[in-house]
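**Student:** model the following, please.
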Amino acid sequence: MANTVKFCRQQVIKQAMTLFWIQGFQATSTRMLQDATGLKPGSLYAAFGSKRGLTEEVLEYYADEMANQLDATTRQTGSFLAGLQEFFCSAIEQAKNQGNAICLLNKALTESANDGDTLIKAQCLLAATENRIATQLEQAMAVGELTSSRTAQQLAQQVQIQIMGLRSYLCANPSAEPRALVAQVFSLAALG
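**Tutor:** Numbering: from 1, shown residues only. Below you'll find the model as predicted:
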């Protein structure tokens, strides 16, 4: 008789994500993952193949969750530009409240220099995030919420750069107000 899965995969991914965010990908040992998830080594390897496999699923889950939050925030605000701004405010505040304002994809990117597969995964997911931002900005342009002489892709690249830098800045300056800083990124002068 085959063994049946006795754990919630999504819950394990969330627990691993929290651990990776706090400890870092390289500093998180398999033993730490076992303790955080309650899984035995055989179950971890059977489910994810390796620590790298789990890492990549965590990154995909994180990117999907961020995309879903952006869509939900845009629907709530009724505005493409305001939705994007509120999404970044909420995401940064949530991460900061969990003890680390750094984007998990950026964290993976900076820690994965010796792990080509994880590095490529993080780069692809960050590129997809930039494209999602560009789409949001294109829609804002189409309905007249934003005018610019630059393309939506150029603006998305600028937003991505500034938000990534802002997240690092908040790690160095934890008392800084994220909403005010995000508002600066989205000011007409910054995007125009």
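**Student:** helix or strand for the residue nearest to residue 166 when sequence neighbours are not counted, which one?
**Tutor:** Take residue 166 and drop its neighbours on the chain: the residue closest to it by Cβ to Cβ, 6 or more residues apart in numbering is residue 181, 5.4 Å away. Glycine gets a C-beta too; all of them are placed from N, C-alpha and C. According to DSSP states H and E, residue 181 maps onto helix 178-185.
**Student:** return that helix as PDB; C-alpha atoms alone will do.
**Tutor:** Output in PDB follows, covering the C-alpha atoms of helix 178-185 (Å, rounded to 0.1, in the frame of the first residue of the first chain):
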ATOM      1  CA  PRO A 178       7.100  53.300   4.400                       C
ATOM      2  CA  ARG A 179       4.000  54.900   3.100                       C
ATOM      3  CA  ALA A 180       5.600  58.300   2.800                       C
ATOM      4  CA  LEU A 181       8.500  56.800   0.900                       C
ATOM      5  CA  VAL A 182       6.400  54.800  -1.400                       C
ATOM      6  CA  ALA A 183       4.400  57.900  -2.100                       C
ATOM      7  CA  GLN A 184       7.600  59.600  -3.200                       C
ATOM      8  CA  VAL A 185       8.300  56.800  -5.600                       C
END
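**Student:** before we move on, the earlier item: residues near the residue nearest to residue 166, how many?
**Tutor:** By other Cβ atoms under 10 Å, the residues close to residue 181 number 20.
**Student:** ok, the one 5 residues further on next?
**Tutor:** The local packing count at residue 186 equals 19, with neighbours defined by other Cβ under 10 Å.
**Student:** so how far is residue 171 from the residue nearest to it when sequence neighbours are not counted?
**Tutor:** Distances taken as Cβ to Cβ, 6+ apart place residue 85 nearest to residue 186, at 4.5 Å, with adjacent residues excluded. Per Cβ to Cβ, to the nearest Å, residue 85 is found 21 Å from residue 171.
**Student:** so, low pLDDT: which residues of this structure?
**Tutor:** For the chain, residues meeting the criterion pLDDT under 70 lie at 1-6, 99, 188-192.
**Student:** picking that back up, does the residue nearest to residue 186 count as helix, strand or coil?
**Tutor:** Taken by DSSP: H, G, I helix; E, B strand; the rest coil, the conformation at residue 85 corresponds to helix.
**Student:** thought it was touching residue 182?
**Tutor:** Yes - Residue 85 is in contact with residue 182 according to Cβ atoms under 8 Å; the separation is 6.2 Å.
**Student:** of the two, who's got more company?
**Tutor:** Legend: neighbour count by other Cβ under 10 Å for residue 85 and residue 182, higher for residue 182 (24 against 20).
**Student:** who are the contact partners of that one?
**Tutor:** Going by Cβ atoms under 8 Å, 6 or more residues apart in numbering, residue 182 touches 85, 88-89, 92, 163, 166.
**Student:** ranking those residues by neighbours, who comes first?
**Tutor:** That'd be residue 88 among the contacts of residue 182, by other Cβ under 10 Å, with 25 neighbours.
**Student:** re the thing from before, got a markdown table for the contacts of residue 182, with secondary structure and distance to residue 79 too?
**Tutor:** Formatted as a markdown table, the contacts of residue 182 follow (DSSP: H, G, I helix; E, B strand; the rest coil; distance: Cβ to Cβ, whole Å):
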| residue | secondary structure | distance to residue 79 |
| --- | --- | --- |
| 85 | helix | 9 |
| 88 | helix | 14 |
| 89 | helix | 14 |
| 92 | helix | 19 |
| 163 | helix | 18 |
| 166 | helix | 21 |
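**Student:** alright, that wraps it up for me.
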